[in-house]
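**Q** got a predicted model here, sequence first, then my questions.
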Amino acid sequence: MEDISLIHKRIEAIRRTAKDYTEYLEELPIYIPDDGIIAGPRRFYKDNQMSIWKKFDEGKIFLGFDNYHFPINTSFLNIGYRGIVNKASRQDIKYTEEQIEFLKAIKQVYEAAIRFIEKHAIEAESKLGIELENVDRLRKIADNCRILCEGAPKTFLQAVQLFWFTWRLRSPFTSSIGRLDQYLYPFYRRDIDAGVLTEKEVVDILCQLWEAFNDAGTGDTLKNLMLGGVNKKGEDATNELSYLMLKTSIIVKKAEPHLNVRIHSNTKDSFVDKVIELQQLGQGQPTIYNDDNLIPELVKHGIPLESARNYSNDGCTELVIDGESGIFFYQMEAVKSLELTMFNGEENSSIPNKVTMKKWSNEMPENEVRTGLKLGYKSGDVSMMNSFDEVYSAFMKQYLYQTDVKLQTICNDIVKFKEKIVCSPFLSGAFPLCLEKAVDPLRGGFNIECFQLLSGSLTTVADGLAAIKKVVFEDNYCTMDELVKALKNNFENNEILRQRLINAPKFGNDDDFVDFIAADIAKKFCEYVVDYKTPNGKVIWPGLYNIDFNTFAKITGATPDGRKLGDPIAEHYSPTPGKAKNGPTAVINSAAKAPLYMGFASSPLHLTLSRNIIPTDKSGNEILKNLLLAALKLGIVVLNTAIYDAEILKRAKLNPEQYGDIIVRVWGFNARFVDLTEDLQDHIIARIIEE
């Protein structure tokens, strides 16, 4: 029997959420575009003239839990907001007080959402007698909004309009998108077959939607959209909209939305060619997902086959089950674990007491950063060790201890979230299971639970361990004690030793000496995570991925690969910036030696190529296509390819006002290069493969 006090606290939270969310919806600005036919707010979060934002920033308004990283269920396209209100209005004598309040909250916020759409209809109608040159456009906006107040969308344009309202009303910030080509395809097909829309008109609508996404902000915005892949029957789901959305991104040439593509053995060659055409822009879009490797691994670990076939990605590159799961992800610092190994459970004393930085954008405030690892665990005094195997064993002991600490945190949260968290009623209302069972997503409204533990930069760890193996134990150039002292002093007066460490084998050059170390660490980490016992018996998803590689670099002292305090570390399962010297094929071969499919939460390889080796012609297209198909065949599960001219990026650093249109891949998102902090700019330039 659940503690009655917890139930009462959740009921109070549900009531408050309904009240606050309704207030939030009532204060949102009405927006009728000066051009185009998609109404609804663009970027409104920082409109400080609205009292609602002040309350939100001060924590005085509670909209319910929603981390915005997973796609919302799209049942609203089938039944409309009115249908959700009707389903939430039903009564059942078996309902508990919490279930009754839960449904009342959904009904209340969706009625407020309908009123919000109606305000747009009224506003458009009020302009009809004033803006005579815009009568047809304004009438179309008003009529579409009126229809959406009454029921489900009937046309492609109405479906796009309702999607935009839903995406904007969900969050004062932003959120992930999901498989938009699948959501909108039935409306597209119906209108095309009826002759009420042409392909050109569809592209125009999509271009307006893409521009709206960009107006709503760029950068780490979570606006990830997935195209292609298979359907729930395992058949190719790529459709005409999949092509048209790629075409739209080629036309718009902006950072948003962040496109992703699922490819499998039956993907049509023409679709791959369209993907390559977008990649040739050099912006790092789209990111490629390998259905043939990812779906079987999801199924192996308990995800029903139909659900596994419907995976998408969150606000970065982590997998989610579209419309069936939320996502909670945690990060484990691998390179920092190596540092703790070298100092027997303690940090390198050369690290400053206080480290502050901007996370990715120059517009962000400086925040203090610190490790999330637990200090003090004694994995052994490496200065006294006489073999590489001893050092490697000490690292795995420290690393898996830290992994264990994170896994226990996840298990504690699984229990805490079910007991105490109340989800957003707007989010909940879009999930059919929530309405059917009258339960919060975290208490049965999601079909699938998705807790993930992610650990990237294993490749930098492998570089360090390989350097120890080569320089200390094979070349006998120094002792472990001498190496530890050099690390403690950030290699001051030890440049010769540092250069020997730098010249040891590095991941990304198809060198088994280091690649197999990285692969072994990856395998052991993934096995440890999936074998961990959780309170509900569900598997925690492992991933070889980290969004905070730049942050972790700033709080990690000198490491055995020759890097100094604050120098870059690798992102995800990619080479450490500047260390891949043998071309892109060697990078792919290095990554493919690891069982990347085991890191099924997300294990991306970033392949950052110089424009010097990828010309903007048919030969460049062939190079890209061959690299892509070879990577998928070798088992790369998530691949991001970007193409930059290093000299242009260097000039953009010096003259940002002249290069505002350069878009680059950061970690799970794209952004304008000139908006990035200098250290991230340098990181991106350093990871370019020149030959």
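**A** Thanks, I have the structure now.
**Q** could you check how far H572 is from E419?
**A** 34 Å (Cβ to Cβ, to the nearest Å). For every residue, glycine as well, the C-beta is placed using N, CA and C.
**Q** these two: which has the busier surroundings?
**A** Per other Cβ atoms under 10 Å, whichever of H572 and E419 has more neighbours is H572, with 28 against 15.
**Q** contacts only, for the more buried one.
**A** By Cβ atoms under 8 Å, 6 or more residues apart in numbering, the contact set of H572 is 317, 456-457, 544-546, 549, 602-606, 667.
**Q** out of those residues, which is most surrounded?
**A** L544 (33 neighbours).
**Q** what about that residue, distance to D136?
**A** To D136, L544 is 53 Å away according to Cβ to Cβ.
**Q** next up, phi/psi of the residue positioned nearest the centre of the chain, please.
**A** By Cα atoms, centre = their mean, the chain has its centre lying nearest to C316, at 1.1 Å. Dihedral pair for C316: phi -130, psi -110, per degrees, to the nearest 10.
**Q** show me where the chain has its strands.
**A** For the chain, strands defined by DSSP state E occupy the ranges 224-228, 258-263, 287-290, 311-313, 319-321, 328-331, 355-357, 367-369, 451-454, 541-543, 604-610, 638-644, 663-665, 670-672.
**Q** in the stretch 1-150 of the chain, what residue spans correspond to helices?
**A** Per DSSP state H, counting those that start in this stretch, the stretch 1-150 of the chain carries helices over the ranges 4-27, 51-57, 76-88, 97-126, 135-150.
**Q** among those, which gets the worst mean confidence?
**A** Lowest mean pLDDT within the helices of the stretch 1-150 of the chain: helix 51-57, at a mean of 69.
**Q** and this protein, what are its domain boundaries?
**A** Domains of the chain are assigned by automatic domain parsing as 1-169, 176-315+611-691, 319-332+391-601.
**Q** got a list of what W360 touches?
**A** 219-220, 550, 666, 671, 676-677, 680.
**Q** ok, 10 Å please
**A** For W360, the contact set (Cβ atoms under 10 Å, 6 or more residues apart in numbering) comprises 219-220, 547-548, 550-551, 666-667, 669, 671, 675-677, 679-680.
**Q** which one of those is nearest to D567?
**A** Ranked by distance to D567 (Cβ to Cβ), those are led by D679 at 9.9 Å.
**Q** scan the protein for its longest helix.
**A** In the chain, with assignment by DSSP state H, the single longest helix is helix 388-420.
**Q** that helix packs against which elements?
**A** Under the contact definition 3 or more Cβ pairs under 10 Å, 6 or more residues apart in numbering; DSSP states H and E, helix 388-420 sits against helix 4-27, strand 328-331, helix 334-342, strand 451-454, helix 458-467, helix 480-488, helix 512-530.
**Q** export the third one to CSV, keeping only CA atoms.
**A** Pointing back at helix 334-342 there. Written as CSV, here are the backbone C-alpha positions of helix 334-342 (Å, rounded to 0.1, in the frame of the first residue of the first chain):
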residue,chain,number,x,y,z
ALA,A,334,35.5,8.4,-18.4
VAL,A,335,38.6,10.6,-18.7
LYS,A,336,38.1,11.9,-15.2
SER,A,337,37.9,8.3,-14.0
LEU,A,338,41.4,7.8,-15.6
GLU,A,339,42.6,10.9,-13.6
LEU,A,340,41.2,9.4,-10.4
THR,A,341,43.0,6.2,-11.3
MET,A,342,46.3,8.0,-11.7
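**Q** for L148, give me its contacts.
**A** Neighbouring residues of L148 by Cβ under 10 Å, 6+ apart: 76, 80-82, 113-114, 117-118, 120-121, 154, 158-159, 161-162, 165.
**Q** narrow the residues you listed to those that are buried.
**A** 76, 80-82, 113-114, 117, 120-121, 158-159, 161-162, 165 (16 or more other Cβ atoms under 10 Å).
**Q** just curious, which of those residues is nearest to V299?
**A** F76 (28.8 Å).
**Q** what sits against that closest one?
**A** By Cβ under 10 Å, 6+ apart, the neighbours of F76 are 82-84, 110, 113, 148, 152-153, 159, 162-163, 165-166, 429-430.
**Q** same thing but at 8 Å, please
**A** For F76, the contact set (Cβ under 8 Å, 6+ apart) comprises 83-84, 152, 162, 166, 430.
**Q** with F343 instead?
**A** So F343 contacts 349, 484, 488 (Cβ under 8 Å, 6+ apart).
**Q** could you find the closest non-adjacent residue to the second one?
**A** If you skip the residues right next to it in sequence, V484 has S383 as its closest partner in space, 4.9 Å away by Cβ to Cβ, 6 or more residues apart in numbering.
**Q** so what's the residue count around the one you found?
**A** 15.
**Q** can you check F451 too?
**A** 23.
**Q** return the distance of it relative to K420.
**A** Taken as Cβ to Cβ, the span from F451 to K420 is 16 Å.
**Q** wait, D220 touches A671, no?
**A** Yes - under the criterion of Cβ atoms under 8 Å, D220 makes contact with A671 at 7.2 Å.
**Q** out of the helices of the stretch 1-150 of the chain, the one nearest N655 is which?
**A** helix 51-57 (34.6 Å).
**Q** before we move on, back to that, show me the two of the contacts of H572 that sit farthest apart.
**A** Pairwise over those, using Cβ to Cβ, the maximum falls at T317 and S457, 15.0 Å.
**Q** list the buried residues for stretch 511-523?
**A** Buried residues in stretch 511-523, counted by 16+ other Cβ under 10 Å: 511, 513-515, 517-522.
**Q** how far does that stretch sit from the chain's center?
**A** Its chain's C-alpha centre and that of stretch 511-523 lie 26 Å apart, by Cα atoms, centre = their mean, to the nearest Å.
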